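Participant: pasting the sequence and the predicted coordinates here, then a few questions.
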Amino acid sequence: MSAWVLGLDVCGCALLAFLLLRRYGDLAKQHRMVLLATLLAWCLCFIIVFTIPLDVSTTIYNQCVIDNHHVVSTTASRSNQTDNSSVFPTESAPKVCDKPWGYIPNGILPVFWRVVYWTSQFLTWLLIPFMQSYARSGAFSISGKIKTALIENAIYYGTYLFIFCSLLIYVAVSPQWHLSWYDLRTIGITAANTWGLFLLVLLLGYGLVEIPRSCWLVSCHGHLLAKTYFKVAKLMTEKADAEENLEDVMEDVRGVNETIKYNHPLRKCIDTILKKCPVEYQEKLGRNMDDYEDFDDKRNPCPNKKSLVKLHKQVIYAVQRHNRTQPSGWFSKYIYSPTAEWYWECVLRRWCYRVLAVGLSLMSVAVVWSECTFFSTQPVLSLFAIFIQLAERQYNYLYIQVACFITIIFLCYCVYSTVFRIRVFNYYYLAPHHQTDAYSLQFSGMLFCRLTPPLCLNFLGVIHMDSIISHQQRQQTSYTSVCGWTLSVYLRLTDAYL
């Protein structure tokens with residue numbers, strides 16, 4: 001059963017990640033390593049999210065077994081002490097612990113979480129940043145691209161390493177701390193989760209407000225029409241700017257192409273640049289070439305390889321920016337017929353979106369309340385913790401899994417949808433219909449891997465499945481035992497230095 005459940009979980013997450021990648025990436029033109037790294041990053045994050053409810057229900061079942069064992073042991077010891085007595089004390093009967101659907105035996109989830117978590121961390125902190133610099137590099141050889149990527153990442157992570165080593169030395173010389181390899185690993189996990197928590201606060205806060213608001217505004221035809229007018233005008237401006245920028249870059253390419261002829265040593269670099277240009281520009285540049293004309297350095301100054309690397313990088317950026325503004329995609333008129341479109345747009349759309357907006361608003365209010373009160377354990381004020389504890393008393397595992405699934409999916413949708421909506425000028429922008437460039441795809445995968453672990457830890461704290469928050473001696477989830485301990489490190493630092 002455990003292998004079947006985990007296999008179905010992994011296959012479903014891989015399918016979801018592939019469909020998203022097919023919508024935003026260009027499977028036919030983009031590099032296979034870029035697509036594979038992005039697919040793996042998205043898939044690992046989805047696996048963490050979809051497996052957390054199974055971990056929660058399995059932990060509650062294991063806690064029931066432990067409580068039953070404790071009750072049986074206590075009853076047996078007391079019965080031995082009162083063998084000669086005629087009156088026996090009333091003992092509570094052991095509870096019936098039925099295995100939940102999707103129960104995963106002990107020992108499987110810790111190994112599963114270690115593989116998933118550390119693979120995602122390797123992707124987000126080492127492999128994907130290196131591949132981003134590699135994809136943006138204008139070098140013409142593989143060794144040159146690797147050198148550029150190593151230099152850029154060494155400068156970026158050298159700052160982080162210097163800060164981390166300074167703090168590590170400060171902690172190591174403190175008499176309250178005795179660092180070991182386990183402590184260093186815990187501090188590293190805490191540092192990564194802290195980085196994600198700061199960004200998570202911004203993205204989750206934006207999503208909790210914007211998602212219900214956007215659903216309500218979409219139900220208003222006047223607002224939707226005005227927004228469409230604005231988006232069309234903005235797209236036209238972006239298209240004009242992208243075409244103008246591409247024309248300027250192509251003019252530089254044309255000048256270099258006419259200067260460096262086929263007998264020049266740098267002609268291979270020019271051919272590489274021409275392959276990155278759009279097809280219509282390649283044809284224009286090819287018609288202007290004369291195969292028999294020799295290179296003459298007296299007419300035009302010859303560019304060096306460094307300037308060609310810079311031009312190559314400009315061509316990559318200009319073409320990617322231009323491709324985002326080109327129309328693409330198709331629409332099925334067989335399913336969405338004119339009759340169905342009329343009923344949806346004129347009759348059903350407004351009320352469906354308004355009902356959905358009200359439901360999402362209630363969920364946002366519940367999340368904000370629970371986030372503000374999840375540290376309160378006596379009494380329990382977190383709404384999601386109350387729901388889970390009520391179901392735990394009746395051992396209703398199906399309700400526990402459904403409640404956990406709905407809650408964590410809503411939190412993830414608030415965060416992930418913000419990642420898909422934000423735009424950092426023209427450097428990071430997830431455009432649908434296969435128009436997202438390689439850099440933006442990799443950046444989104446990197447953000448997903450950094451945001452998902454602290455988001456899941458926050459969810460476990462909201463439902464009081466973290467013993468540090470609930471102040472209860474209970475079994476931890478396998479995910480917390482592998483990826484958690486962030487709050488415990490904060491508390492140790494507070495006790496040591498405050």
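Facilitator: Structure received.

Participant: contacts, neighbours, all on C-alpha from now
Facilitator: OK.

Participant: any stretches of this structure with poor pLDDT?
Facilitator: For the chain, residues meeting the criterion pLDDT under 70 lie at 1-3, 69-96, 171, 174-183, 286-300, 326-337, 426, 469-471, 484-498.

Participant: longest helix in it, please.
Facilitator: The longest helix of the chain (DSSP state H) is helix 32-81.

Participant: ok and the helix or strand following that one relative to helix 32-81, angle-wise?
Facilitator: For helix 32-81, the following helix or strand on the C-terminal side (DSSP states H and E) is helix 108-122. Angle of helix 108-122 versus helix 32-81, following axes from the mean of the first three to the mean of the last three CA atoms, to 10 degrees, is 150 degrees.

Participant: what helices and strands are in contact with helix 108-122?
Facilitator: Counting contacts by 3 or more CA pairs under 8 Å, 6 or more residues apart in numbering; DSSP states H and E, helix 108-122 is packed against helix 32-81, helix 438-462, helix 478-483.

Participant: with just CA atoms, put the helix or strand just after that helix into CSV.
Facilitator: Later in the chain than helix 108-122, the nearest helix or strand by DSSP H and E is helix 128-136. The C-alpha trace of helix 128-136 is given here as CSV (Å, rounded to 0.1, in the frame of the first residue of the first chain):
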residue,chain,number,x,y,z
ILE,A,128,20.2,26.1,-10.9
PRO,A,129,22.1,29.3,-10.1
PHE,A,130,25.0,27.8,-12.1
MET,A,131,22.8,26.9,-15.0
GLN,A,132,21.2,30.4,-15.0
SER,A,133,24.6,32.0,-15.4
TYR,A,134,25.5,29.5,-18.0
ALA,A,135,22.4,30.2,-20.0
ARG,A,136,22.9,34.0,-19.8
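
Participant: got the helices and strands packed on helix 108-122 as a markdown table, with distance to residue 215 and mean neighbour count columns?
Facilitator: Below are those laid out as a markdown table (distance: least, CA to CA, whole Å; neighbours: other CA atoms under 10 Å):
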| stretch | distance to residue 215 | mean neighbour count |
| --- | --- | --- |
| helix 32-81 | 24 | 19 |
| helix 438-462 | 24 | 23 |
| helix 478-483 | 34 | 20 |
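
Participant: for the residue nearest the centre of the chain, give its distance to residue 417.
Facilitator: By CA atoms, centre = their mean, the mean C-alpha position of the chain lies nearest to residue 448, the distance being 1.3 Å. Relative to residue 417, residue 448 is positioned 11 Å away (CA to CA, to the nearest Å).

Participant: which residues are in contact with each of the two?
Facilitator: Residues touching both residue 448 and residue 417 by CA atoms under 8 Å, 6 or more residues apart in numbering: none at all.

Participant: of all the helices and strands packed on helix 108-122, which one is nearest residue 223?
Facilitator: helix 438-462 (29.7 Å; CA to CA).

Participant: what sits against the closest residue to residue 371 other than its chain neighbours?
Facilitator: Closest residue in space to residue 371, ignoring its immediate chain neighbours: residue 462 at 6.5 Å, by CA to CA, 6 or more residues apart in numbering. For residue 462, the contacting residues are 370, 371, 374, 382, 384, 385, by CA under 8 Å, 6+ apart.

Participant: please identify the helix or strand for residue 206.
Facilitator: Residue 206 belongs to helix 181-218, assigned by DSSP H and E.

Participant: ok, now residue 417?
Facilitator: Applying DSSP H and E, one finds residue 417 within helix 397-421.

Participant: could I get the buried residue list for that helix?
Facilitator: Residues 397, 399-401, 403-405, 407-408, 410-419 are the ones in helix 397-421 that count as buried (16 or more other CA atoms under 10 Å).

Participant: angle of that helix against helix 438-462?
Facilitator: Using the same axes, to 10 degrees: helix 397-421 against helix 438-462 is 140 degrees.

Participant: so what touches helix 397-421?
Facilitator: 49-50, 52-54, 56-57, 100-101, 200, 203-204, 206-208, 211, 387-388, 391-392, 429-430, 444, 447-448, 452, 455-456, 459.

Participant: contact partners for residue 436?
Facilitator: 24, 25, 26, 324, 429, 430.

Participant: export the contacts of residue 462 as a markdown table, with columns for secondary structure and distance to residue 64.
Facilitator: Output for the contacts of residue 462, formatted as a markdown table (DSSP: H, G, I helix; E, B strand; the rest coil; distance: CA to CA, whole Å):
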| residue | secondary structure | distance to residue 64 |
| --- | --- | --- |
| 370 | helix | 26 |
| 371 | helix | 27 |
| 374 | coil | 23 |
| 382 | coil | 22 |
| 384 | helix | 20 |
| 385 | helix | 18 |
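
Participant: and which of the residues you listed is nearest to residue 256?
Facilitator: residue 371 (59.1 Å).

Participant: you'd agree the closest one is up against residue 384?
Facilitator: No: in this structure residue 371 lies outside contact range of residue 384 using CA atoms under 8 Å: 9.9 Å.

Participant: let me know the distance separating the nearest residue to residue 132 once chain neighbours are set aside from residue 358.
Facilitator: Among residues not flanking residue 132 along the chain, residue 439 sits closest, at 5.5 Å (CA to CA, 6+ apart). When distance is defined by CA to CA, residue 439 is 37 Å away from residue 358.

Participant: can you give me the end-to-end span of stretch 133-140?
Facilitator: Span of stretch 133-140 from end to end, CA to CA: 14 Å.

Participant: which stretches in the stretch 201-350 of the chain count as helices?
Facilitator: For the stretch 201-350 of the chain, the helices identified by DSSP state H, counting those that start in this stretch occupy 221-259, 267-276, 279-287, 305-324, 338-343, 349-373, in order along the chain.

Participant: with residue 36 as the reference, name the closest of those helices.
Facilitator: helix 305-324 (19.4 Å).
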